[in-house]
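S.K.: sequence and computational prediction follow.
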Amino acid sequence: MPTYFNNIYHIFILFYALYFFDHMVKSNASKRYYPHNSCAIYAKNKVLFLLWIYDSASCFCYDEHTFIGYEPLMTVTIKKQTIAKSSISKKQQLIIQAALKVFSLYGLTGASMEQIAQEADMSKSNLFYYFDSKDELYTAVLSHVLTEWLAPLNDIQLEQEPAQALSHYIDVKYQLSKKMPEASKLYALEIIQGAPHLTKILKGPLKALVKEKVAVIDAWIAAGKMKPISALHLIFHIWAVTQHYSDFAAQIEAVSGKSLSNKVFAQDAKATTLQLLVESLVIKEETVA
């Protein structure tokens, strides 16, 4: 078992940080109003503060034992090499799933922490221990949604054959539309409102990822593996078609009486998409007799 506090310097830093944190809070206690959940927030922030101090000290005094540090509650996994999804507890996963259901129904403004706590089968004070505010929880839920919905795009690689790569991507997108309709609806709602919580992610990591995959498709076209087409709009079309079956599920069920839960209906939907967006574009190699 590794000895985490095997360095006197680290111990000194932690005790000093503890004193500084307590002094800072007490000195501002008379100037601030603390809500009913302040004890839980204080305890959580105190632990995170100490871990941050220790982690920083480790940069200057690193040895063969690696301290198992903390990770943020949630980040977006779009490109696995650069933005990794953080490990979260089962309790946090439960909260995020409950919040996803509530937010997808009522939106950020209409949803309340009481509703989310009830959906997660926990007290409101316990909910505030994990997330300090509704906005913070909403951002974590959106990050989770983006991770699930956008990360599969990263699986498209140049060394693959275009038919295989695009068919797999479309298949995964249909699976997500079937299994996570609330996630797609919440993401669509955020985008319709102008993406106030996602603008930096959309203009940063997502834009870079899409640009990379556009280059892959363009390379396939240059190699004679696909017919000339706008790679950017091809990606947009895949998004639009696959996510339509979750975002507009009510319309689809009203018109057809079916949804993606119907196996035959789902197979026909995917086959139509593959025919339009893959088979019509991929150039098959001529077989030599």
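M.R.: Structure received. Residues are numbered from 1 along each chain as shown.
S.K.: past the strand or helix carrying Glu136, which element shows up next along the chain?
M.R.: In this assignment (DSSP states H and E), Glu136 forms part of helix 134-150. Going down the chain from helix 134-150, the next helix or strand is helix 162-179, by DSSP H and E.
S.K.: that following helix versus helix 134-150: what angle between them?
M.R.: Between helix 162-179 and helix 134-150, the angle comes out at 140 degrees (axes from the mean of the first three to the mean of the last three C-alpha atoms, to 10 degrees).
S.K.: show me what contacts Lys256?
M.R.: Just so we're on the same page, residue 256 is Ser rather than Lys. Residues in contact with Ser256 (C-beta atoms under 8 Å, 6 or more residues apart in numbering) are Phe265. Where you see a C-beta, it was placed from the backbone N, CA and C, and this is true even at glycine.
S.K.: quick one: pLDDT of it?
M.R.: Ser256 carries a pLDDT value of 96.
S.K.: before we move on, what about the one 3 residues further on?
M.R.: Per-residue confidence at Ser259 stands at 93 (pLDDT).
S.K.: for it, helix, strand, or coil?
M.R.: The assignment at Ser259 comes out as coil when based on DSSP: H, G, I helix; E, B strand; the rest coil.
S.K.: that one is in contact with Glu253, isn't it?
M.R.: Yes: at 5.3 Å, Ser259 counts as touching Glu253 under the criterion of C-beta atoms under 8 Å.
S.K.: neighbour count winner among those two?
M.R.: Shown here are Ser259 and Glu253; by other C-beta atoms under 10 Å, Ser259 has more neighbours (18 against 14).
S.K.: show me the helices in the chain, by range?
M.R.: With DSSP state H as the criterion, the chain has helices at 8-27, 38-60, 90-110, 113-119, 124-130, 134-150, 162-179, 181-192, 199-201, 207-222, 231-247, 249-256, 263-274.
S.K.: looking at these, which has the lowest confidence?
M.R.: Among the helices of the chain, helix 38-60 scores lowest, at a mean of 48.
S.K.: coming back round to it: can you dump the C-alpha coordinates of the helix holding Glu136 into PDB?
M.R.: Backbone C-alpha positions of helix 134-150 (Å, rounded to 0.1, in the frame of the first residue of the first chain) are rendered in PDB as follows:
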ATOM      1  CA  LYS A 134     -28.900  24.000 -10.200                       C
ATOM      2  CA  ASP A 135     -26.700  25.600 -12.900                       C
ATOM      3  CA  GLU A 136     -23.700  23.500 -11.900                       C
ATOM      4  CA  LEU A 137     -25.800  20.400 -12.100                       C
ATOM      5  CA  TYR A 138     -27.300  21.400 -15.400                       C
ATOM      6  CA  THR A 139     -23.800  21.900 -16.800                       C
ATOM      7  CA  ALA A 140     -22.700  18.500 -15.600                       C
ATOM      8  CA  VAL A 141     -25.800  16.900 -17.200                       C
ATOM      9  CA  LEU A 142     -25.000  18.600 -20.500                       C
ATOM     10  CA  SER A 143     -21.400  17.500 -20.300                       C
ATOM     11  CA  HIS A 144     -22.600  13.900 -19.800                       C
ATOM     12  CA  VAL A 145     -24.900  14.200 -22.800                       C
ATOM     13  CA  LEU A 146     -22.200  15.600 -25.000                       C
ATOM     14  CA  THR A 147     -19.900  12.800 -24.000                       C
ATOM     15  CA  GLU A 148     -22.300  10.200 -25.000                       C
ATOM     16  CA  TRP A 149     -23.600  11.900 -28.200                       C
ATOM     17  CA  LEU A 150     -20.400  13.300 -29.700                       C
END
